[in-house]
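1. What follows is a predicted protein model with its sequence.
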Amino acid sequence: MEHFWINKSIFKSLIAFSYLQASNHVKNHTVHRANHVKLTNHLNLNRMNNKWDFLTGTYWYVPEQYLPATQMGGNDTEPIMSIDQTVWQITGASNGYFWGNCAALFYPEGETPGEPSGKRMIGSVTPDGKVQISFMLINESGIAMSVSGWGKMVKLNDAWTFEMQMASGTTDIYSHWAFMYSTSPEEPSWNKLPGVDYSVPEFLEAAGF
């Protein structure tokens with residue numbers, strides 16, 4: 001009877017040990033799986049945050065078909081049809097933010113265009129492509145007077161574009177929506193911007209950049 005009781009105790013100990021090992025295995029597997037999920041989420045978040053980093057060093061302009069804009073004063077009953085050429089020089093982009101320089105020339109349709117004005121720009125773009133940009137006038141007083149625009153990133157013909165809406169003004173209100181296309185030295189638009197007698201480098205230089 002005593003020998004049988006010892007074997008029974010050993011058997012119980014073996015069962016307890018096996019259960020402990022199985023329990024530890026489950027715990028380790030759960031921890032490993034949780035760590036894997038955390039790592040995957042972290043990598044996915046990094047990919048989302050870095051999605052728009054390609055904007056660094058890019059240039060954007062308004063194609064001819066999207067040049068028409070409107071201008072309206074407080075005493076006007078009809079808007080004045082105008083032309084708005086804008087160039088963005090995006091100098092940096094990281095973690096869903098981008099920044100750089102903006103040169104813009106807005107003039108009534110049919111009139112001789114003047115010189116572009118310069119603004120600093122800073123914006124954000126969400127992982128799904130929603131865009132918000134603030135444009136700050138460059139002035140000696142250092143006062144930050146900003147104009148904001150909203151839009152989204154849209155692919156046209158396998159190329160990214162900015163679909164934007166903006167409004168600005170004090171005595172007169174200017175309103176414009178457009179698709180902004182990218183440009184580079186290999187593109188015709190680089191040497192001759194639609195609606196103005198400037199190349200992209202000349203346009204930026206005339207605006208103070």
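-> That came in fine, so what should we check first? Numbers count the residues shown, from 1 in each chain.
2. Could you list the domains of this protein?
-> As given by automatic domain parsing, the domain ranges for the chain are 1-49, 53-206.
3. which one of these is the most hemmed in?
-> Using mean count of other Cβ atoms under 10 Å, the stretch among those with the greatest mean number of neighbours is domain 53-206 (a mean of 16). (C-beta placed from N, C-alpha, C; glycine too.)
4. Report the mean per-residue pLDDT for it.
-> Domain 53-206 shows a mean pLDDT of 94.
5. end to end, how far does that domain reach?
-> End-to-end span of domain 53-206 (Cα to Cα, to the nearest Å): 28 Å.
6. so how far is that domain from its chain's centroid?
-> Chain-centre distance of domain 53-206: 14 Å, with Cα atoms, centre = their mean, to the nearest Å.
7. now do stretch 202-209
-> With Cα atoms, centre = their mean, you get 23 Å for stretch 202-209.
8. Would you map the helices across this structure?
-> 2-49, 188-191, 200-206 (DSSP state H).
9. Other residues contacting the shortest one?
-> Outside of helix 188-191, the residues within contact range by Cβ atoms under 8 Å, 6 or more residues apart in numbering are 59, 61, 63, 181, 183-184, 199-200.
10. Please report the distance of the nearest residue to Met153 once chain neighbours are set aside from Ala178.
-> Leaving aside its sequence neighbours, Met153 sits nearest to Gly129 (Cβ to Cβ, 6 or more residues apart in numbering; 3.6 Å). Distance, Gly129 to Ala178, by Cβ to Cβ, to the nearest Å: 16 Å.
11. what does Phe98 give?
-> Shown here: Phe98 relative to Ala178, a distance of 18 Å by Cβ to Cβ.
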